[in-house]
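> need coordinates for the following:
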Amino acid sequence: MSLIELLRHGETERGGGFRGSLDDALTPAGWQQMRCSIRNAGPWDVLVTSPLQRCAAFARVLADERRLPLEVHADLRELHFGEWEGRSAVELMETAADDLGHFWRDPYRFTPPGGEPLVAFERRVLGALAELRGRHAGRRLLLITHAGAMRLLLARAQGLPRERLLEVVVGHGELHRLEDRFHAPA
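Model (predicted):
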């Protein structure tokens, strides 16, 4: 069994909204959020990061500072929101309020136009976790990733039904331990 901790990237230059696959850089505040979260955390044996710079830039610095191996894992990237990428919920309330409501009520049943279905996202993220657990059995891992991936993993660990996924709150720069009571998808 591996010990796995999850760190969400900090605040980004382009702000909130549906950032998805957009490759925004961290703000100075975002760097500070992440630094504060890991100040007394660890130790870890391996760092694993999403390829997007809001995760990977911090991961490279942390790996250098702590002299840890770093792996970039493409399957830890955020959900692709299709036509919603770069837009805020406020904007979408003006142009696609019904669709946004459907997504918030049950993201497994509604995919943003041109976006990645949540079932595919779930398969990708859970597959990455299974592969990492198998390859790094007994090691302590820090996964630096995004709110969507963390919500998914934490919801599964809590045994929440799929439609409650968006109830899991993960703030910028937050560190969470993935508990051993992790559940497979329903």
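> all contacts plus neighbour counts: C-alpha atoms, from now on.
Fine.
> list the contacts for the one residue sitting closest to the centre of the chain?
Nearest to the geometric centre of the chain sits residue 146, at 2.3 Å (Cα atoms, centre = their mean). When contacts are counted by Cα atoms under 8 Å, 6 or more residues apart in numbering, residue 146 touches 7-9, 50, 55, 76-78.
> just the CA trace of stretch 25-44, in PDB.
This file holds the C-alpha atoms of stretch 25-44, laid out as PDB (Å, rounded to 0.1, in the frame of the first residue of the first chain):
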ATOM      1  CA  ALA A  25       1.000  30.000 -15.100                       C
ATOM      2  CA  LEU A  26       0.900  30.400 -11.400                       C
ATOM      3  CA  THR A  27       0.700  33.800  -9.800                       C
ATOM      4  CA  PRO A  28       3.100  34.700  -7.000                       C
ATOM      5  CA  ALA A  29       0.200  34.100  -4.600                       C
ATOM      6  CA  GLY A  30      -0.300  30.700  -6.200                       C
ATOM      7  CA  TRP A  31       3.300  29.700  -5.600                       C
ATOM      8  CA  GLN A  32       2.900  30.900  -2.000                       C
ATOM      9  CA  GLN A  33      -0.300  28.900  -1.500                       C
ATOM     10  CA  MET A  34       1.500  25.700  -2.600                       C
ATOM     11  CA  ARG A  35       4.600  26.400  -0.500                       C
ATOM     12  CA  CYS A  36       2.500  27.000   2.600                       C
ATOM     13  CA  SER A  37       0.700  23.700   2.100                       C
ATOM     14  CA  ILE A  38       3.800  21.600   1.900                       C
ATOM     15  CA  ARG A  39       5.900  23.500   4.400                       C
ATOM     16  CA  ASN A  40       5.600  20.800   7.100                       C
ATOM     17  CA  ALA A  41       4.400  18.000   4.900                       C
ATOM     18  CA  GLY A  42       6.100  14.900   3.600                       C
ATOM     19  CA  PRO A  43       8.500  13.300   3.400                       C
ATOM     20  CA  TRP A  44       7.800  11.800   0.000                       C
END
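> buried set for it?
Neighbour-count burial for stretch 25-44, with 16 or more other Cα atoms under 10 Å as criterion, is recorded at 25-27, 30-31, 33-34, 37-38, 44.
> please report how far the residue nearest to the centre of the chain lies from residue 26.
Distance, residue 146 to residue 26, by Cα to Cα, to the nearest Å: 13 Å.
> ok, back up a step: among the buried residues of stretch 25-44, which ones are in helices?
30-31, 33-34, 37-38 (DSSP state H).
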